[in-house]
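Engineer: from the sequence below, what's the structure:
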Amino acid sequence: MQNQLPLVPADGPLIDTFGRIADDLRISVTDRCNFRCTYCMPAEGLQWLPKEEILSFEELTRLLALFVRLGVRGLKITGGEPTIRADLPALVKMFRSVGPKLDMSITTNAMLLDRLAAPLAAAGVDRATVSCDSLLQHRFAEMTRRDALDKVLAGIRAAEAAGLTPIKINTVVIGGTNDDEVVDFARWARETGYEVRFIEYMPLDAQHAWERAKVVPGARILDAIDAVFPLAARHHETEPATTYRFADGSPGTIGVIASVTEPFCDTCNRLRLTAEGQFRTCLFALDETDLRGPMRAGASDEDLEKLIRTAVWGKWSGHRVNHPDFVQPARSMSAIGG
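Structural biologist: Predicted structure coming up:
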């Protein structure tokens, strides 16, 4: 008789066979984006999902309610670019109605936050994380293929004014492209009080053109900043970012997400739902669990709960970016959801 995995737990938190409890969910509300970042999308030609394949507000809210019942405590609204989903504040209000105690944040490029920050805050978003990879206008335009840095900075200010704080800035560092700006970003953090989180360049581009040689290790980023602005470590919990404060007591925080050189898979508590209802237990997963199909076919909440529990129970030990047999996911980051 072959050895079999223990039976999937029928109750309790969402746990996998390695003892990790998943309580943090990313919901992508659209695969579309108004930027074309070079490390994510081609300049032209990426096909968007047909509207009928995208989950409706009601479908998204039903699934979120299930996840909340299963122990999810944190929700991040992502895309694509989530702010281009029509009537997003109305969806947020629906999310808040089924998760009144959720820690709810949004990851955005901030281009539309100048007019949406206040409505999103009023609807129930707690915090904003903004993707910004350069503080130089020409380089920002090169990396995003949009001349929009001024608009993004205005959106960040609007988010701060609306109380979507603490503001976190996600900066993907690519060797030979923007790695010379890490100290400038640290200086910006000190001036504004923002938490700037440097993210190692990951193989999640639609073109599959990722080059390991362009990965700037988090340790090297920290060394460059520490040489100018000495850093002191902060307590690290389940957040993927290892964070540091400035030793001289200046405001602002530095974080590093070293997904490539120092994977944190053994403490990962994240789950992802794509815009068309595919459930993923890892950013780099090669398999997905379809929740939209069963839901539209009349599946009960109990049926969907079993699918979710089974998928989490079967989560692998970790991504294999540093293994010779690594296979890049077919989807780009924009299609998976941040």
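
Engineer: tally of neighbours for Leu135?
Structural biologist: By the measure other CB atoms under 10 Å, the count of residues near Leu135 is 17. C-betas here are computed from N, CA, C, even on glycine.

Engineer: do the same with Val260
Structural biologist: There are 20 residues near Val260, going by other CB under 10 Å.

Engineer: who does the nearest residue to it once chain neighbours are set aside bridge with?
Structural biologist: Residue nearest to Val260 in three dimensions, not counting chain neighbours: Glu200, with 4.5 Å by CB to CB, 6 or more residues apart in numbering. Note on Glu200: beta-bridge partners by DSSP bridges are Val173.

Engineer: hmm, Glu200 is touching Pro263, no?
Structural biologist: No: using CB atoms under 8 Å, Glu200 is not in contact with Pro263, being 10.0 Å away.

Engineer: and Thr274, what does it touch?
Structural biologist: Ser28, Asp31, Arg280, Glu288, Arg331, Ala335, Ile336, Gly337 (CB atoms under 8 Å, 6 or more residues apart in numbering).

Engineer: repeat that with 6 Å
Structural biologist: Ser28, Gly337 (CB atoms under 6 Å, 6 or more residues apart in numbering).

Engineer: how far away is it from Leu286?
Structural biologist: Counting by CB to CB, to the nearest Å, the separation of Thr274 from Leu286 is 14 Å.

Engineer: cool, and Arg331?
Structural biologist: From Arg331 to Leu286 the distance is 10 Å (CB to CB).

Engineer: who has more neighbours out of these two?
Structural biologist: Ranked by neighbour count (other CB under 10 Å), Arg331 and Leu286 place Arg331 first, with 18 against 13.

Engineer: just the element for the more buried one, please.
Structural biologist: Secondary structure from DSSP states H and E places Arg331 outside every helix and strand.

Engineer: try the one 3 residues further on
Structural biologist: Assigning secondary structure by DSSP H and E places Ser334 in helix 333-336.

Engineer: and that helix, what does it pack onto?
Structural biologist: Applying 3 or more CB pairs under 6 Å, 6 or more residues apart in numbering; DSSP states H and E, one finds that helix 333-336 contacts no other helix or strand.

Engineer: keeping just the C-alphas, turn it into PDB.
Structural biologist: Only the C-alpha atoms of helix 333-336 are listed here, as PDB (Å, rounded to 0.1, in the frame of the first residue of the first chain):
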ATOM      1  CA  MET A 333       3.000  39.300 -12.500                       C
ATOM      2  CA  SER A 334       0.200  41.500 -13.900                       C
ATOM      3  CA  ALA A 335      -1.900  38.400 -14.600                       C
ATOM      4  CA  ILE A 336      -1.100  36.700 -11.300                       C
END
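
Engineer: please state the mean pLDDT value computed over that helix.
Structural biologist: Computed over helix 333-336, the mean pLDDT rounds to 72.

Engineer: do the same with stretch 65-84
Structural biologist: Rounded mean pLDDT across stretch 65-84 is 97.

Engineer: which other residues reach that stretch?
Structural biologist: By CB under 6 Å, 6+ apart, stretch 65-84 touches 13-14, 23-34, 98-99, 102-109, 112, 116, 301, 304, 334, 337-338.

Engineer: what about that stretch, how long is it end to end?
Structural biologist: Chord length of stretch 65-84, first to last residue, is 23 Å (CA to CA, to the nearest Å).

Engineer: ok, back up a step: what about the residue nearest to Val260, how many neighbours?
Structural biologist: Glu200: 22 neighbours (other CB under 10 Å).

Engineer: residue contacts, it?
Structural biologist: Going by CB under 6 Å, 6+ apart, the list of residues near Glu200 reads Val215, Ala258, Ser259, Val260.

Engineer: my guess is the last one contacts Pro217. True?
Structural biologist: No: in this structure Val260 lies outside contact range of Pro217 using CB atoms under 6 Å: 7.9 Å.

Engineer: residues in contact with the helix holding Ser334?
Structural biologist: Asp31, Cys33, Cys40, Gly80, Leu204.
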